[in-house]
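In: what follows is a predicted structure for the sequence shown.
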Amino acid sequence: MVLIAILIAIALIFDFLNGLHDAANSIATIVSTRVLSPRYAVAWAAFFNFIAFAVFGLHVAATIGTGIVSPHIIDDAVIFGALMGAIVWNVVTWLAGIPSSSSHALIGGLVGAGLCKGGWNAVVWSGLGKTAAAIVLSPATGFVVALLLILIVSWSFIKAHPIWVDKVFRHVQFISASAYSLGHGGNDAQKTMGIIAALLFAHGMAGGKFHVPFWVVLACQAAMALGTLFGGWRIVRTMGSRITHLTPMQGVCAETAGAVTLFGATWLGVPVSTTHTITGAIVGVGAARRVSAVRWNVAKDIVVAWIVTMPAAGLIGAVFYLLAATFHLG
């Protein structure tokens, strides 16, 4: 029981770091447009991160717990390897100010540890394939939806005075930022729920059937909200200003596009990256103004981080699994 409690604590630390690391996703646009100060923006985002469990089901948690690696090969060492792979990669990218994906770091760590434990047959390729496809589809969807929204809104307000438009969208951005934070909390917190539920299932503490206890739901949502409250200021700068300059109207379109993408993915049970999604949306609104408005060298560096995240976290996860197995953990 002590070991289980320690692993659950590590999982909640990862969830906290996820909120810390991905706080920028929720608040970058509303901070960069100066609608809210960073202090109030993180509190706003944290609240909607927490209440997300009341809106969405737990399909993403089920995908993480049973759809990435076979639940029958999961033990304490696999869980430890997965969590440490994700945590180490998150800390490295956070210190470097790189908006990589906490979600894909966790999945990479889980796959790396699972491969060490059970070989290629341990991987649920259909679930992993769906997740890998989302690396491309989530930012692409965010990009396209944001591009369409900015064009529709621009034409709708073409005769309006710019100052009036700016004032209106400063108010509207409270709604779009809330929706995006809700989508972020709904998709991301469920990944840790899935890990903890898989751990409980492996120890026969789930009643013989995989499910997520309500106390796990509350603990994961609270840990993520707390992490968001502390904020990830290094990444806020990259997401909010280094990719492209945003107006309140563009911020609304980016956040709305991100929220639409996250809501759809969460209801479908697809664990997508909130970082990928909002980056695609921000690039979309920037490109709608003009292609040169986007700092493509920054966007390129972010894309490289996306590609590297899963294999890097997988390698780290495998190393920690081997260390745990050597000391007979699990």
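Out: Sure thing, it's come through.
In: my guess is Ala288 contacts Val144, does it?
Out: No - in this structure, Ala288 is not within contact of Val144 by C-beta atoms under 8 Å, at 10.9 Å. Using the backbone N, CA and C atoms, a C-beta is placed for each residue, glycine as well.
In: these two: which is more packed in?
Out: The neighbour comparison of Ala288 against Val144 (other C-beta atoms under 10 Å) goes to Ala288, with 21 against 15.
In: so which strand or helix has the closest residue to the more buried one other than its chain neighbours?
Out: The shortest distance from Ala288 to any non-neighbouring residue, by C-beta to C-beta, 6 or more residues apart in numbering, is to Ile150 (4.2 Å). Ile150 belongs to helix 125-156 when assigned by DSSP states H and E.
In: that helix: how far from the chain's middle?
Out: 15 Å (C-alpha atoms, centre = their mean, to the nearest Å).
In: hmm, back to that, can you work out which residues contact both of Ala288 and Val144?
Out: Common neighbours of Ala288 and Val144, counting by C-beta atoms under 8 Å, 6 or more residues apart in numbering, are absent.
In: quick one on the thing from earlier: the residue nearest to Ala288 contacts Ile282, correct?
Out: No - here Ile150 does not reach Ile282: they are 11.0 Å apart, not a contact under C-beta under 8 Å.
In: looking at those two, which has the bigger crowd around it?
Out: Just comparing Ile150 and Ile282: by other C-beta under 10 Å the higher neighbour count belongs to Ile282, 32 against 24.
In: my guess is the more buried one contacts Leu246, does it?
Out: Yes - in this structure, Ile282 is within contact of Leu246 by C-beta under 8 Å, at 7.1 Å.
In: got any ranges where the stretch 151-300 of the chain has weak pLDDT?
Out: 231-245, 289-300 (pLDDT under 70).
In: can you give me the helices in the stretch 101-250 of the chain?
Out: 102-118, 125-156, 162-202, 214-230, 233-237, 248-268 (DSSP state H, counting those that start in this stretch).
In: tell me which of those is the most buried.
Out: Most buried of the helices of the stretch 101-250 of the chain, by mean neighbour count (mean count of other C-beta atoms under 10 Å): helix 102-118, with a mean of 28.
In: helices or strands next to it in the packing?
Out: helix 2-32, helix 59-66, helix 76-96, helix 125-156, helix 162-202, helix 296-326 (3 or more C-beta pairs under 8 Å, 6 or more residues apart in numbering; DSSP states H and E).
In: quick one: pLDDT of the residue nearest to Ala288?
Out: The score at Ile150 is 90. That number is its pLDDT.
In: show me what contacts it?
Out: By C-beta under 8 Å, 6+ apart, the neighbours of Ile150 are 249-250, 253, 284-285, 288-289.
In: so which pair among the residues you listed is furthest apart in space?
Out: Farthest apart among the contacts of Ile150 by C-beta to C-beta are Met249 and Gly284. That separation is 13.3 Å.
In: if we can go back for a sec, dump the helices and strands packed on helix 102-118 into TSV; add distance to Ala225 as well.
Out: Listed next are the helices and strands packed on helix 102-118 as TSV, based on distance: least, C-beta to C-beta, whole Å:
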stretch	distance to Ala225
helix 2-32	6
helix 59-66	17
helix 76-96	17
helix 125-156	22
helix 162-202	7
helix 296-326	24
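In: out of the ones you listed, which comes closest to Ala43?
Out: With C-beta to C-beta as the yardstick, what comes closest out of those is helix 2-32 (9.7 Å).
In: that closest one: how far from the chain's middle?
Out: On C-alpha atoms, centre = their mean, the centre of helix 2-32 falls 9 Å from that of its chain.
In: and Thr274, how far from Ala43?
Out: 18 Å (C-beta to C-beta, to the nearest Å).
In: name the residue in the two with the higher neighbour count.
Out: The residue with more neighbours, out of Thr274 and Ala43, is Thr274; 30 against 15, by other C-beta under 10 Å.
In: the more buried one contacts His184, correct?
Out: Yes - counting by C-beta under 8 Å, His184 is a contact partner of Thr274 at 4.7 Å.
In: now Val69: phi and psi?
Out: Val69 adopts backbone torsions of phi -130, psi 160, taken as degrees, to the nearest 10.
In: in contact with the closest residue to it other than its chain neighbours, which residues are there?
Out: Setting aside the residues directly before and after it, Val69 is nearest to Gly114 in space (C-beta to C-beta, 6+ apart), at 3.4 Å. The contact partners of Gly114, taken as C-beta under 8 Å, 6+ apart, are 68-70, 73-74, 78, 82, 122-123.
In: so what's Gly114 scoring on pLDDT?
Out: 94.
In: for Lys209, see how far away it is.
Out: 21 Å.
In: ok, and what's touching stretch 250-264?
Out: 25, 29-30, 32-33, 35, 138, 141-143, 145-146, 149-150, 153, 169, 172-173, 176-177, 179-180, 182-184, 186-187, 246, 272, 274, 277-278, 281-282, 284-286, 289.
In: where does the stretch 1-150 of the chain dip in pLDDT?
Out: For the stretch 1-150 of the chain (pLDDT under 70), the answer is 22-26, 28-29, 33, 99.
In: same thing but at 80, please
Out: Where the stretch 1-150 of the chain drops to pLDDT under 80, the residues are 1, 20-42, 94-102, 135-136.
In: right, I'll call it a day here.
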